[in-house]
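**Student:** quick one, what's the 3D model for this:
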Amino acid sequence: MNLKSAVVPPDGAAQKLPAQAQSQTLSRGIRVLELLSDTQSPMTIAEISERSGLHRSIAYRILRTLEDHSLVARDDSGKFQCGPGLAALARGVARDLQSAALPVLTALAGHLQMTAFIAVWDQRQCVTLVAVEPPHGEGTLVQRPGTRHSFSAGAPGIAIQSALTEAEWETLAPGQPYREESRAAALRGYALSRDEVIPGVSSVGAPIRVPGQLPAALAVVYLRSGLSGDEVGARVRKAAAAIEDALH
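**Tutor:** Alright, predicted model coming up:
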């Protein structure tokens with residue numbers, strides 16, 4: 001993989017713009033969307049204003065604009081939550097990867113009776129792109145699209161990092177450590193993690209090498225299983241390879 005071409009467009013457009021060239025209003029709107037996406041229940045304008053640090057009148061104007069584009073919606077009590085427009089935007093993110101992954105995730109979730117998902121790298125976090133729960137998964141863990149957790153914790157981050165050389169990682173994320181677990185995962189073909197994100201929860205992940213893009217990870221998450229971590233890992237690695245084949 002040509003890491004530079006995956007990170008920086010040929011015209012250099014990915015170079016960081018000076019602060020004065022950035023849109024404050026757009027930044028505030030994105031901050032509000034991030035706040036709503038991280039919240040389990042709808043929020044009032046007062047709550048959004050307080051947690052975002054925005055004046056109530058500014059928060060209201062931003063919310064009304066986002067509402068006009070269906071990016072936020074109000075419930076019966078007038079509280080705000082993420083709107084259906086976000087789902088439409090999300091379908092365009094890594095469209096080929098999502099299309100190739102969905103049937104594989106469905107089969108893997110049903111076979112292992114675990115939630116299976118695709119995670120991608122977002123600077124210091126892993127973000128769930130698409131997830132499938134098992135058809136008879138009472139008691140299984142839910143992993144919703146858009147869910148974020150620290151890149152330095154959990155099997156997805158280890159798996160993504162394991163698909164990059166240490167030199168590539170230093171170019172991509174200067175100063176962020178290359179984990180010893182990632183070196184082991186590169187040799188084994190999959191990553192194992194327990195108790196890193198949620199106490200008592202295990203995850204297994206395998207890298208997916210996406211042409212022209214940064215690696216992603218196929219992962220499963222579970223509380224307990226009759227299979228060993230290595231048995232789960234072998235199946236996750238095989239599923240990740242099937243997605244890679246579909247992308248080429």
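**Student:** quick check on Asp230: phi, psi?
**Tutor:** For Asp230, the backbone dihedrals (degrees, to the nearest 10) come out as phi -70, psi -40.
**Student:** where do the helices sit along this protein?
**Tutor:** Ranges of helices within the chain are 3-7, 24-37, 45-52, 56-68, 84-90, 95-112, 155-162, 166-172, 180-188, 229-247, based on DSSP state H.
**Student:** got the confidence number for Ala90?
**Tutor:** Ala90 is assigned 60 on the pLDDT scale.
**Student:** I meant Ala101, not that one.
**Tutor:** On pLDDT, Ala101 comes in at 89.
**Student:** from Ser57, how far off is it?
**Tutor:** To Ser57, Ala101 is 43 Å away according to C-beta to C-beta, to the nearest Å. C-betas here are computed from N, CA, C, even on glycine.
**Student:** of those two, who's got more company?
**Tutor:** For Ala101 versus Ser57, neighbours defined as other C-beta atoms under 10 Å are more numerous around Ala101 (28 against 10).
**Student:** show me the domain layout of the protein.
**Tutor:** Using automatic domain parsing, the domains assigned to the chain come out as 3-88, 95-247.
**Student:** which one of the ones you listed is the most hemmed in?
**Tutor:** Mean neighbour count, computed with mean count of other C-beta atoms under 10 Å, is highest for domain 95-247 among these, reaching a mean of 19.
**Student:** and the residue of the chain most remote from its centre, what does it touch?
**Tutor:** Within the chain, the residue lying farthest from the chain centre (C-alpha atoms, centre = their mean) is Ser57, at 32.0 Å. Contacts of Ser57 were listed using C-beta atoms under 8 Å, 6 or more residues apart in numbering, and none were found.
**Student:** circling back to that earlier point, looking at the helices of the chain, which is nearest to Val221?
**Tutor:** helix 155-162 (8.3 Å; C-beta to C-beta).
**Student:** so how far is the closest one from its chain's centroid?
**Tutor:** How far helix 155-162 lies from its chain's middle: 12 Å, per C-alpha atoms, centre = their mean, to the nearest Å.
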